[in-house]
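# sequence and predicted model, in that order:
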Amino acid sequence: MTGALQSSSRGGRRRFPWGVVAAAGLVFLVLIGLGTWQVQRLVWKEALLATIAERTAAVPVPLDAVLEAGRPIAELEYTPVEVSGAFDHAAERHFFATWKGASGYYVYTPLHLDSGSWLFVNRGFVPFERKDAATRPAGQIEGRVTIAGLLRPPLAGKPSSIVPDNDTAKNIFYWKDIRAMAATAGLPAGADVLGLFVDAGPAANPGGLPIGGVTMIDLPNNHLQYAVTWYGLAAALLGVAIFYLLRGRRGPAAGGEDEDG
């Protein structure tokens, strides 16, 4: 009889769930890490937005003066600049884009600068059916012009594998490959093409096209929500783990003891 009671007592003991605790701890650390990463991204994004707001509110300065400072182009994004020269409209390149719900293209036109170099200017958006420059002759400004806009650095490469390859034969670009634009635009041999873009400001073009001022500067900032989500999941996991461990320490329910008796 005593042996049976001892056997039952040993059988009723529960081993501490080290495996469950280890797994839960690992997931908890991952969730905390993701939340902390989003907090760091939040700080970075807020600093970036503040920089963009400060720069875009500044008065445009000549591009030559900006470049003479010698700072890397990547650090000059959204700097307001002013450039002068003549457009080569026959060489315009078309970047597939949407603007206020409409499909179409951003028109990147080489500007022959007074300095002799060439610069691709994003003149703005045209609807899909107005891709052909012949459908918008009024906007093809001739002669010397002065453009105010925002400096944009080039991309180092294709941003993602899901982005389609540029169709240079049809003059349709899905990512801004400045080398391919320069190579297919029919510019003079040996043309010195600056390794940057300028997005033209909102000044209206004759005939209304292209529509300038299309630079996206209102960047999404959802990092706080993401951080709260990750930290919330970590807190929920911790609560479930504590409940599980406390329940396990209480042992078998009272009903089970009555049945044994």
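Great, that's in hand.
# ok, now which ones touch the residue nearest to D165 when sequence neighbours are not counted?
Spatially, and ignoring its direct neighbours in sequence, D165 is nearest to Y174 (7.1 Å; Cβ to Cβ, 6 or more residues apart in numbering). C-beta coordinates here come from the backbone N, C-alpha and C atoms, glycine included. Residues near Y174 by Cβ atoms under 8 Å, 6 or more residues apart in numbering: F95, F96, V163, P164, D165, N166, D167.
# list of residues touching the host helix or strand of the first one?
Following DSSP states H and E, the helix or strand that holds F95 is strand 93-99. Around strand 93-99, the neighbours that count as contacts under Cβ under 8 Å, 6+ apart are 103-109, 120, 122, 125, 131, 171-174, 176, 181, 184-185, 211, 214.
# next secondary structure after it?
Using DSSP H and E, the next helix or strand after strand 93-99 towards the C-terminus is strand 102-113.
# tell me what that next one is packed against?
When contacts are defined as 3 or more Cβ pairs under 8 Å, 6 or more residues apart in numbering; DSSP states H and E, strand 102-113 packs onto strand 80-87, strand 93-99, strand 118-127, strand 193-200.
# mind listing the helices for the stretch 151-261 of the chain?
For the stretch 151-261 of the chain, helices defined by DSSP state H, counting those that start in this stretch occupy the ranges 178-184, 223-249, 254-260.
# hang on, the earlier thing: just the closest of the contacts of Y174 to L113, please.
L113 has its nearest neighbour among those in F95, at 20.9 Å by Cβ to Cβ.
# what number of residues lie near that closest one?
Burial of F95 is recorded as 21 neighbouring residues (other Cβ atoms under 10 Å).
# what residues are bridge-paired with it?
Bridge pairing for F95 (DSSP bridges) gives the partners Y106, F173.
# and the gap between it and A241?
As judged by Cβ to Cβ, to the nearest Å, F95 and A241 stand 51 Å apart.
# ditto for T215
Look at T215 and A241: by Cβ to Cβ, they are 48 Å apart.
# repeat that for A204.
Applying Cβ to Cβ, the value for A204 to A241 is 62 Å.
# neighbour count: those two, which is higher?
Neighbours were counted for A204 and for A241 using other Cβ under 10 Å; A241 has more, 18 against 12.
# if anything else comes up later, I'll come back, but that's it for now.
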